[in-house]
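Q: I would like to see how this sequence folds:
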Amino acid sequence: MATKLTLDELNSLPDREAAIALRRCCAAEAWVLALVNARPFTSIEQLLKKAEDVWWNLHEGDFMEAFSAHPKIGDVSSLRAKYADTHALAANEQQGAHQADDSVLEALAAGNKAYEDKFGFIFIVCATGKSAEEMLTLLQQRLPNSHVQEVRNAAENQALITAIRLNKLLGSSVN
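A: Sure thing, here's the model as predicted:
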């Protein structure tokens, strides 16, 4: 299947193929199934609204399923190995981490480990347009938070990431 689709193509795909395409945007199966079943969409805006509405009606376990499809910041190779379907859409999301010096990457790695040890899931941030230094600052700011607050923060970032990926999937520049 091509990386980019038109809305009409997404609407007309068999359920299984539509699920594969949507899973590249968000790996929560409940979200994928709800979007597959909500087709046809009349506009990208309608799809984005439905995607967000469905997302905020999911449970923490669904959020964790989506979070598990992400690489640790700076570790795109883990995404390739674990979730090859999302790699094409995620490839440019961590550009800032690729250009960082070793000390920042080491601090990100240490921060990611501390975050995962504390919260039980990896640090989720919408990395698009952010430098490694900015991501490190955000990680350090969020590390003292409660579990409940971090699930919310990560879910908010996942919603942003999903919207960006849906737009990329459909070849749209609307974010």
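Q: the residue lying closest to E150 once chain neighbours are set aside and C25: what is the separation?
A: By the measure of CB to CB, 6 or more residues apart in numbering, the closest residue to E150 outside its immediate chain neighbours is F119, 5.0 Å from it. Glycine gets a C-beta too; all of them are placed from N, C-alpha and C. Distance check for F119 against C25: by CB to CB, to the nearest Å, it reads 23 Å.
Q: higher neighbour count, those two?
A: Set F119 next to C25 and count neighbours by other CB atoms under 10 Å: C25 wins out with 26 against 21.
Q: would you map the helices across this structure?
A: 7-12, 15-23, 29-38, 44-55, 60-67, 76-82, 84-90, 95-98, 102-119, 132-142, 147-169 (DSSP state H).
Q: got CSV for the ones you listed, with mean pLDDT and distance to V125 too?
A: Shown next, in CSV, are those (pLDDT from 0 to 100; distance: least, CB to CB, whole Å):
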stretch, mean pLDDT, distance to V125
helix 7-12, 97, 27
helix 15-23, 97, 21
helix 29-38, 98, 19
helix 44-55, 98, 17
helix 60-67, 97, 11
helix 76-82, 43, 14
helix 84-90, 46, 13
helix 95-98, 46, 10
helix 102-119, 89, 10
helix 132-142, 93, 6
helix 147-169, 97, 5
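Q: relative to C126, which of the ones you listed is closest?
A: Closest approach to C126 among the helices of the chain (CB to CB): helix 147-169, 4.1 Å.
Q: which helices and strands does that closest one pack with?
A: Here helix 147-169 is seen to pack against helix 44-55, helix 60-67, helix 84-90, helix 102-119 when contacts are counted using 3 or more CB pairs under 8 Å, 6 or more residues apart in numbering; DSSP states H and E.
Q: many thanks, I have nothing further to ask.
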